[in-house]
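> Model the following, please.
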Amino acid sequence: MSLLQYSPPVDYAAQTIAVKDFLNTFKTIQSSSEAAATEALQDLNIDEGRTSDEYDFMDDADEMDGANTRGASRRQIPKLKYMQILQDVANREKSHLQIDLDDLEIFEKSRPEGDDLKLVQSIEKNAHHYVDLFSQAIDELMPRPTKDITYKDDVLDIIMSQRERRNEATEAAFEADMETDAGGLPMFPAELTRRYTLNFKPVTPSGSSSDRDSKALAVRNVRGEHLGNLITVRGITTRVSDVKPAIQINAYTCDRCGCEVFQPVTTKQFMPFTECISEECKKNNSKGQLFLSTRASKFTPFQEVKIQEMADQVPVGHIPRTLTINCHGALTRQMNPGDVVDIGGIFLPTPYTGFRAIRAGLLTDTYLEAHHITQHKKSYNDMGMDRITLHKIEQHQRSGNMYEYLSRSIAPEIYGHLDVKKALLLLLIGGVTKEMGDGMHIRGDINICLMGDPGVAKSQLLRYITKVAPRGVYTTGRGSSGVGLTAAVMRDPVTDEMVLEGGALVLADNGICCIDEFDKMEDADRTAIHEVMEQQTISISKAGITTTLNARTSILAAANPLYGRYNPRVSPVENINLPAALLSRFDVMFLLLDTPSREGDEELANHVTYVHMHNKHPESEDAGVMFTPHEVRQYIAKARTFRPIVPSNVSDYMVGAYVAMRKRQKVDESKKRQFSHVTPRTLLGIVRLSQALARLRFSDQVVREDVDEALRLIEVSKASLYNDGEQGADNTPSSKIYNLIRSMKESGAAAIGDGEQGELSMRRIRERVLARGFTEDNLTMTIDEYADMNLWQVTGNGTRLLFTEVDSDMDM
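Model prediction:
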């Protein structure tokens, strides 16, 4: 049975003409008249050396940049967008050419109504064919180089030059023979002479028509109907292979006639040529043998990536599905494990090869040929602050309360834990990592441990931090092994080589790794974290692979006490049940206890019920300004650009505070208060917290107030370990404020001048007390109450507080 040939209702000749017209005439700004174009460009500058493929002249940020650099470069009418890119390709300054379908859609709308070829829809339905169509049009429009490019000659240039001279000689020798005309001589394949890779950028949702859904698809929503289509898929990168050269054109040389033979390769497997196919060998029937010419062959970078669908896209009871992504050329090395990406590409089938083909039978594998990659959560270095967020931050930064505003913006649905949120904010900002000249590395990332009773929102805080951080990995103690946290040695199915696959700590490089149920990890697995928390590297020596991986990550751990809930009848060491070598690596450790309190329980219940009723946190009068996670991320990105230093006077003050903490530790040991982890690492923790606070202020210098706040956070985290464990302690606000002021005197945190004995600054006392959640009335009542007891007296018109008791009577 034979079928009639089907002629598709697509006029490819007309579309080719339209494509050439688009490449020839499209501009980034289209105006009705030259005067209007000149007026629109008065505040714009175009840098001739700009390397971006797209000139978005309508962007406000570019307008601001152009206004700021007015006069630095000469004004000029914008050049043709794609012709300028083609000129850069001809000059060998670029090798990647991206066709934006938004531009093509604008071009089609500007054409006459009766001349609608529906190019965008055709490309989305049959993208692979239109890659060839655009490439052929570009080959015809490619301009001559405007610069000297002879210094960039490669093997292909030499072969082409030799072929041209050989053709000229052949034409002269066989001038009368029409069969051996130059037109019959073998030519170079177009794929070999192209010095660019062509990709399509899919239509953005804002630029798409109403009858087409251009949102990113989940992996499980990619169906058979999408085969051959240009689609966008969203997922998280799980595995990235090494970049390998993939053969695109195989070149051979004949041992008889000396001709070069080129074989285009479009599949995973191919059969190499063995006999020469040139006209001379066919005419003489010499059957010349072909030898592979590797240097004359053309290779393209190739990388295979596995993406997995997002957790919120997986239905209940299902496991996440994966999709293979093939990246070529400039799209390689654009993704790392753990990245959340939108990948636009062509969904194609591919047959199984080798032994897998025998087992697969009639089944066919599928993959996505990448054309465009969009990163969702950029790293801090790649992130820019938009104009609206910048204006909002500048507006509220003058108040000096950004520290409070940002900390309250962290997980606002969770009630209380303000000091914990402040510490988590500093963890997101981090300190300054130091690289010494001799290779010494001093980490700047902050590690925090949250130890507490069940139901105090530890896991929710960890989840929120994972959401805010550009690179955050969440894992649990029981669900993670030592290999899963560090790295595993696996066999790569593509190259069949033993490769390292990074675990959670490697995926969180330059980010935050949140480990829940930290206390339930096996001791052997927990020891794998020791090197990461201080040296920030992972040393591997297994399966013939000896290497060191980077794990420059902050550790945020959450754990329960030994008995599930904190037992006040035993010591803090027995409750925490973590080795001292691990505890000393945490800069701050909070103990979050669920202590019954009528007032606190009522406020907590009201907060929780409000969140459930309104799906948002209650608006508190003292909460101030709330920032979204995106705004917090942008503020942190700006803060991390500063590298504050510690001046000498602040350094001396920091040393004195550390010595006082060590002295207090000695007193605690004499009282058999066993849990006291003041080590030299504590001093480094104070430095990191102080630098993070300076970064928060957009400052290049640490001040004394930063050190005071760092000491306060450490004292608050340690004070919770004792206050709730002591039986019969006076927990009235006056007693707590008195103990706080007394601890400030012992540490010298509020000393005036040279630290005159017993004299403290009322301003610093008030800041510390109010930061702990007490009111101004509580402080005034405490001052008056203990002044009546003759324990201290207020001097200097209410600006100083002088202790009257002797040091030997301080411990009560």
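> Output the longest helix belonging to this protein.
Looking across the chain with DSSP state H, the single longest helix is helix 648-670.
> residue ranges for the strands of the stretch 151-300 of the chain, please.
197-201, 230-240, 244-254, 260-264, 290-292, 298-308 (DSSP state E, counting those that start in this stretch).
> Indicate which one of the ones you listed is closest to residue 685.
Nearest to residue 685 among the strands of the stretch 151-300 of the chain is strand 230-240; the distance by CB to CB comes to 32.5 Å. Where you see a C-beta, it was placed from the backbone N, CA and C, and this is true even at glycine.
> What are the contacting residues of the closest one?
The contact list for strand 230-240 (CB atoms under 8 Å, 6 or more residues apart in numbering) reads 123-124, 127, 200, 202, 214-219, 222, 303-310, 313, 322-323, 335-347, 368, 371, 376, 501.
> Try it again at 7 Å.
Here strand 230-240 makes contact (CB atoms under 7 Å, 6 or more residues apart in numbering) with 123-124, 127, 200, 202, 214, 216-219, 222, 303, 305-310, 322-323, 335-344, 346-347, 368, 501.
> picking that back up, output the strands of the stretch 151-300 of the chain in a markdown table, with mean pLDDT and mean neighbour count appended to each entry.
As requested, the strands of the stretch 151-300 of the chain are arranged in a markdown table below (pLDDT from 0 to 100; neighbours: other CB atoms under 10 Å):
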| stretch | mean pLDDT | mean neighbour count |
| --- | --- | --- |
| strand 197-201 | 91 | 20 |
| strand 230-240 | 88 | 21 |
| strand 244-254 | 89 | 18 |
| strand 260-264 | 86 | 18 |
| strand 290-292 | 90 | 15 |
| strand 298-308 | 90 | 20 |
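> circling back to that earlier point, among the contacts of strand 230-240, which are in helices?
With helices taken from DSSP H, the overlap with the contacts of strand 230-240 comprises 123, 124, 127.
> Go through the strands of the stretch 151-300 of the chain and name the closest to residue 650.
Going by CB to CB, the one of the strands of the stretch 151-300 of the chain nearest residue 650 is strand 230-240, 42.6 Å.
> Looking at residue 98 now. What's its pLDDT?
Predicted confidence (pLDDT) for residue 98: 91.
> What's the local residue count around residue 87?
Residues near residue 87, counting by other CB atoms under 10 Å, number 19.
> does it belong to a helix or a strand, and which?
Using DSSP states H and E, the element containing residue 87 is helix 81-90.
> Does anything pack onto that helix? Which helices or strands?
Applying 3 or more CB pairs under 7 Å, 6 or more residues apart in numbering; DSSP states H and E, one finds that helix 81-90 contacts helix 12-25.
> thinking again about what came up before, show residues contacting the following helix or strand past the longest helix of the chain.
As assigned by DSSP H and E, the chain's next helix or strand after helix 648-670 is helix 680-696. Contact with helix 680-696 is made by 402-403, 426, 429-432, 444, 446, 584-585, 587-588, 639-640, 642, 644, 646, 654, 658, 661, 701-702, 706-707, 709-711, 713-714, as judged by CB under 7 Å, 6+ apart.
> Out of the strands of the stretch 151-300 of the chain, flag the one nearest residue 144.
Taking CB to CB, strand 197-201 is the member of those nearest to residue 144, at 19.9 Å.
> Kindly reformat the ones in helices among the contacts of strand 230-240 as JSON lines containing distance to residue 685.
Below are those laid out as JSON lines (distance: CB to CB, whole Å):
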{"residue": "123", "distance to residue 685": "56"}
{"residue": "124", "distance to residue 685": "55"}
{"residue": "127", "distance to residue 685": "54"}
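> Export these as a markdown table, with columns for neighbour count, distance to residue 750 and pLDDT.
Shown next, in a markdown table, are the ones in helices among the contacts of strand 230-240 (neighbours: other CB atoms under 10 Å; distance: CB to CB, whole Å; pLDDT from 0 to 100):
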| residue | neighbour count | distance to residue 750 | pLDDT |
| --- | --- | --- | --- |
| 123 | 25 | 69 | 91 |
| 124 | 22 | 67 | 90 |
| 127 | 24 | 68 | 90 |
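> From residue 410, how far out is residue 394?
The gap separating residue 394 from residue 410 is 21 Å, by CB to CB, to the nearest Å.
> the more surrounded of the two?
Set residue 394 next to residue 410 and count neighbours by other CB under 10 Å: residue 410 wins out with 23 against 9.
> what about the residue nearest to the more buried one when sequence neighbours are not counted, which helix or strand?
Using CB to CB, 6 or more residues apart in numbering and skipping residues adjacent in sequence, the residue nearest residue 410 is residue 421, 4.5 Å away. Assigned by DSSP H and E, residue 421 belongs to helix 418-429.
> Helix or strand next in line after that helix, which one?
Using DSSP H and E, the first helix or strand after helix 418-429 is strand 434-435.
> what's the spacing between that following strand and its chain's center?
Relative to its parent chain, strand 434-435 has a centroid offset of 22 Å by CA atoms, centre = their mean, to the nearest Å.
> Also stretch 294-313?
Counting by CA atoms, centre = their mean, stretch 294-313 comes out at 19 Å from the chain centroid.
> related to what we said a few turns ago, what subset of the contacts of strand 230-240 is buried?
By neighbour count, with 16 or more other CB atoms under 10 Å, the contacts of strand 230-240 hold 123-124, 127, 200, 202, 214, 216-219, 222, 303, 305-310, 323, 335-344, 346-347, 368, 501 as buried.
> about what we covered before: let me know which of the strands of the stretch 151-300 of the chain is the nearest to residue 780.
With CB to CB, the closest approach to residue 780 among the strands of the stretch 151-300 of the chain belongs to strand 230-240: 54.2 Å.
> Next, the angle strand 298-308 makes with the closest one.
Orientation check (axes from the mean of the first three to the mean of the last three CA atoms, to 10 degrees): strand 230-240 against strand 298-308 gives 80 degrees.
> just the CA coordinates of strand 230-240, formatted as PDB?
Below are the C-alpha coordinates for strand 230-240, written out as PDB (Å, rounded to 0.1, in the frame of the first residue of the first chain):
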ATOM      1  CA  LEU A 230      10.500  23.900  22.200                       C
ATOM      2  CA  ILE A 231       9.500  23.700  25.900                       C
ATOM      3  CA  THR A 232      10.600  25.000  29.200                       C
ATOM      4  CA  VAL A 233      11.100  22.600  32.100                       C
ATOM      5  CA  ARG A 234      11.700  23.500  35.800                       C
ATOM      6  CA  GLY A 235      13.700  21.300  38.100                       C
ATOM      7  CA  ILE A 236      16.600  21.000  40.500                       C
ATOM      8  CA  THR A 237      20.000  19.900  39.300                       C
ATOM      9  CA  THR A 238      21.000  16.600  40.800                       C
ATOM     10  CA  ARG A 239      24.000  15.400  38.700                       C
ATOM     11  CA  VAL A 240      26.300  17.100  36.400                       C
END
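> Please list all residues in contact with residue 473.
Contacts of residue 473 (CB under 7 Å, 6+ apart): 338, 504, 507, 508, 511, 513, 514.
> Alright, I will stop here.
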